[in-house]
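Visitor: What would the 3D arrangement of this be:
(one chain, ligands or ions: 1)
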Amino acid sequence: MANAVVVLNAGSSSIKFSLFVEQGKTLEPRIRGQVEGLYTGARFVAKAVDGEVKAETSWPAGVKMGHAGALDHLIEYLRSELKRDRLIGIGHRVVHGGSVYTQPVRVDSEVLKALEIFVPLAPLHQPHNLAPIRRALERVPELPQVACFDTSFHRTQPEVAQLFALPFDLWKAGVKRYGFHGLSYQFIASELPEVAPAAAMGKTIVLHLGNGASMCAMEAGRSIASTMGFTAVEGLPMGTRCGSLDPGVILYLIDQLGMTTREVEKLIYNRSGLLGVSGISSDMRTLLASDDPQAGMAIDLFVYRAGREIGSLTAALGGLDAVVFTAGIGQNSPIVRSRICHSAAWLGLEIDETANNANRTCISTPSSPVSVWVIPTDEEIIIARHTRQLIQSSKEMKK
Ligand code: ADP
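Guide: Predicted coordinates for the structure are as follows:
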C-alpha cells in the first residue's frame, strides 16, 4: 500500500486535480483531470499520464454542481480509484497568502478564516480556491489539507521591492507588491541545481509566459523582484489582462467614460492584453498563425514589454547570469523566445536558433555570456511535495 496525495487547483468554473502516488522517496503523477462547467452543465474527466481516459461523466446542462458538489464527486472517485493505496491528504493551490503565509500551511477552520481575510486582495481567485477546502473540512474532516500559496515564494524580496510609493499607512494595511506564480518559480528554482547549477547559484530571470504571464528575478534561487504586484494584473500584457497601466487611465475610464468599477475590472482582466490589442484572440498560437496586422501588434507589444522587463529586473539583480523560459508560450514558442532574446541581446543573450527551434533545454550558444534555458514548469508537483512533507512532519512531531 502506497501513500497518495491529490492536488486541487480550483478556479471560478472548474476544479483541476492531479493524483500523485509515492514510489520510494518520490511522488509520481498517476491521474490528472478536472470537473468543469461547475455552474452550467458539469463534466468530469480523469486521465492516466499516458492520456488514457480512466473515467468520464457528464451531467445535464443546467445542473449546477458547484464547487461543493465537484469536491464530493472527486472524493468519491478517488476512493474508488485508490483501492490499494491510501489518500493521505489534499494539497490546494491558493493564490493569496498575504504577508503572513510565507510557507505552505495545514488548514483547519481557524486557518480557513484567516485565508478568507485575503479574499478582497484576490476576489477573482481566492473565493474559488477556498471553496473546496471548506467543503472537505465538512465532508472529510479527518483528511489533512494543505494550502500552498502563489505569493509565498516572493516574501524573500527586500522591502523596497514590495513597496508602492503611496502613503505608508496603506503599506501597513496590506497594499503592497505581493507577486504571484510563486509555485511555478519555486519549481524552476528546485530544478535549476540539476539542470543549470551556475544559474541556480547566480542571478537569473525566469519568464513564466502562459495565459497569465509574469517574470521573477532570482538570486541564488530566491525571489528578489517580480513584475506582478498587488494583484495578478500588473506587469506584462497577458492573454486577456492588460499588465502595467498608468493608474490615471482607470480614473479616466471612471470619470470621463462613465465606467463602473465592475466594468473596469472586466476590461483589465478579461478584455485586454493579447485579446484586447489584437481584437482576435488571447491565444498566442492563433495570433502567430494570423497575418492580421493587429495580431502582429499584440505580439510586438508582448515581446517589447518582456524585453523591457528583462532590463528592469537585471537592474534589480545588479547583473545577469541566466534566463529561463517556462509555461505555455515560454515552453513552446521558439519564435517568441527568439524575439525576446534578441530584444535583450545587449545584455549578452546569444541564442542558438537550432537548439531553440528544437525546444532544447539549453538554447544559448556555448559562448553566450548569459545562458538561456527552457524548463517546463510543474506547479502541481511542488504542491504535492509540500503536502506530503507537512503531513509527514506533523506525524513525526506527534510521535
Ligand atoms: P495558463 O496560464 O492558463 O496555465 P498555459 O501555461 O497553458 O496557460 O499557456 C497558454 C498559452 O500558451 C496560450 O497563449 C497558448 O497559445 C500558448 N501556447 C501553447 N503552445 C504554444 C505554441 N506551440 N506556440 C505558441 N504558443 C503556445
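Visitor: going forward, measure contacts and count neighbours with C-alpha atoms only.
Guide: Fine.
Visitor: Just the residues contacting the helix or strand containing residue 114, thanks.
Guide: Assessed by DSSP states H and E, residue 114 sits inside helix 109-116. Helix 109-116 is contacted from outside by 96-97, 126-127, 130, 133-134, 137, using CA atoms under 8 Å, 6 or more residues apart in numbering.
Visitor: centre of the chain versus that helix, how much separation?
Guide: Put simply, helix 109-116 sits 22 Å off its chain's centre (CA atoms, centre = their mean, to the nearest Å).
Visitor: Any stretches of the protein with poor pLDDT?
Guide: Flagging of the chain using pLDDT under 70 yields the residue ranges 397, 399.
Visitor: could you pull out the strands for this structure?
Guide: 3-10, 14-23, 26-36, 43-48, 53-58, 86-94, 105-106, 145-149, 203-209, 213-219, 222-226, 322-326, 371-374 (DSSP state E).
Visitor: check contacts around the residue positioned nearest the centre of the chain.
Guide: The centre of the chain sits closest to residue 181, judged by CA atoms, centre = their mean, with a distance of 3.7 Å. Contact analysis of residue 181 by CA under 8 Å, 6+ apart lists 150-151, 208, 214.
Visitor: Quick check: residues of the stretch 151-300 of the chain near the ligand?
Guide: Within the stretch 151-300 of the chain, the residues that sit near the ligand (CA under 6 Å from any ligand atom) are 210-212, 283-285.
Visitor: ok, residue 256 to residue 105 distance?
Guide: 45 Å (CA to CA, to the nearest Å).
Visitor: Look at the two and report which has more neighbours.
Guide: residue 105 (19 against 9; other CA atoms under 10 Å).
Visitor: For the more buried one, give me its contacts.
Guide: 146-148, 390.
Visitor: from those, which is closest to the ligand?
Guide: residue 148 (16.6 Å; CA to the nearest ligand atom).
Visitor: Specify the beta-bridge partners of that closest one.
Guide: residue 93 (DSSP bridges).
Visitor: correct me, but it touches residue 92?
Guide: Yes. Between residue 148 and residue 92 there is a contact under CA atoms under 8 Å: 6.0 Å.
Visitor: I figured residue 45 hits residue 33, correct?
Guide: Yes. Residue 45 sits in contact with residue 33 when judged by CA under 8 Å, with a separation of 5.4 Å.
Visitor: So for these two, which sits in the more crowded spot?
Guide: Shown here are residue 45 and residue 33; by other CA under 10 Å, residue 33 has more neighbours (22 against 16).
Visitor: Dump the strands of the chain into CSV; add distance to residue 278 as well.
Guide: Listed next are the strands of the chain as CSV, based on distance: least, CA to CA, whole Å:
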stretch, distance to residue 278
strand 3-10, 29
strand 14-23, 27
strand 26-36, 28
strand 43-48, 31
strand 53-58, 35
strand 86-94, 31
strand 105-106, 41
strand 145-149, 32
strand 203-209, 18
strand 213-219, 17
strand 222-226, 26
strand 322-326, 23
strand 371-374, 27
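Visitor: Which one of those lies nearest to residue 313?
Guide: For residue 313, the closest of the strands of the chain is strand 213-219, at 5.8 Å, according to CA to CA.
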